[in-house]
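J.: Make a model of this:
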Amino acid sequence: MPAVTPVSLVSEATQQAIGYPTLFLLVLAGALVPVIPTGALVSSAAVVAMHRTAPFSLAMVFVTASLAAFLGDAALYWLGRRGLKSKNGSRWLEALRSRASEGRLEQAQEKLAAHGVAVLVLSRLVPAGRIPVMLACLLARWPIRRFSRGNLPACLAWAVTYQLIGILGGSLFAEPWQGVVAAIALTLLISVVPTVVRWVRGFPRS
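T.: Take a look at the predicted model:
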């Protein structure tokens, strides 16, 4: 076990001071612009946290990621509502529409009508499920307060899930970078599998 010195303590404190705000900003941006792999970011941060002052670092990753996801979703939903009220719409609303196919949107609307807030929690755990359900909430004219009440547990569950993926990947290797690679691979696998399954189901059979 390496010796703990004042220099190492200062170095770790500096890394944490930079790392948590960076994680917050990236997850926040990923919630607003759904092209950033936020799940992989949280899993990678959890791997690094395991090699620091866990469980404190892991708790900080959880708080940072879930808060950023919640605020990002709330901001995107608010922008979408502004687009619905505007005669000319908005680029945010159009971006949401472009990322949700008609079939997935109809499915999300049916599930939302049948199960309500519970669908929001599941939508963040299913790859590419967040945007269709958010758009369904917008078209159902949910007020932002109602959306936020359902989205809070969704963001908490999302942060826990991807943090556990990071912990699993990090526990398999001694070096942090190896755990980060494993965690990213796991998150990519999770995101790809549902797409492959949908493709296989829709593939015509002779």
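
J.: Please count neighbours and contacts with C-alpha atoms only from this point.
T.: Fine.

J.: neighbours around the closest residue to residue 135 other than its chain neighbours, how many?
T.: In space, and not counting its chain neighbours, residue 135 is closest to residue 96: 6.7 Å by CA to CA, 6 or more residues apart in numbering. The number of residues packed near residue 96 is 19, by other CA atoms under 10 Å.

J.: so residue 96 is in which element?
T.: Here residue 96, judged by DSSP states H and E, is contained in helix 91-98.

J.: Which other helices and strands does that helix contact?
T.: Using 3 or more CA pairs under 8 Å, 6 or more residues apart in numbering; DSSP states H and E as the contact test, the elements touching helix 91-98 are helix 56-85, helix 130-139.

J.: about what we covered before: quick one: the residue nearest to residue 135 from residue 84, how far?
T.: 12 Å (CA to CA, to the nearest Å).

J.: just residue 70 next, same as before
T.: Distance, residue 70 to residue 84, by CA to CA: 21 Å.

J.: Looking at those two now, which is surrounded by more residues?
T.: residue 70 (21 against 16).

J.: show me the contacts for that one.
T.: 148, 151-152, 155 (CA atoms under 8 Å, 6 or more residues apart in numbering).

J.: Mind doing that once more with 10 Å?
T.: Applying CA atoms under 10 Å, 6 or more residues apart in numbering, we find residue 70 in contact with 27-28, 31, 76, 148, 151-156.

J.: Just tell me which of the helices and strands packed on helix 91-98 ends up closest to residue 101.
T.: The minimum distance between residue 101 and those falls on helix 130-139, with 8.0 Å, by CA to CA.

J.: Check which element follows that closest one along the chain.
T.: helix 144-171.

J.: any low-confidence regions in this protein?
T.: For the chain, applying pLDDT under 70 flags the ranges 1-18, 53-54, 86-90, 173-174, 177, 188-206.

J.: circling back to that earlier point, run a quick check on the residue nearest to residue 135 versus residue 80, I expect a contact.
T.: Yes: using CA atoms under 10 Å, residue 96 is in contact with residue 80, at 8.0 Å.

J.: Can you name the helix or strand that residue 36 falls in?
T.: For residue 36, there is no helix or strand it lies in under DSSP H and E.

J.: Phi and psi next, for it.
T.: Phi and psi for residue 36, reported as degrees, to the nearest 10, are phi -80, psi 130.

J.: can you pull the contacts of it?
T.: By CA under 10 Å, 6+ apart, the contact list for residue 36 reads 26-30.

J.: Are any of those buried, and if so which?
T.: 26-30 (16 or more other CA atoms under 10 Å).

J.: Just name the closest of those to residue 60, please.
T.: Distance to residue 60 across the buried ones among the contacts of residue 36 (CA to CA) is lowest for residue 27, with 13.9 Å.
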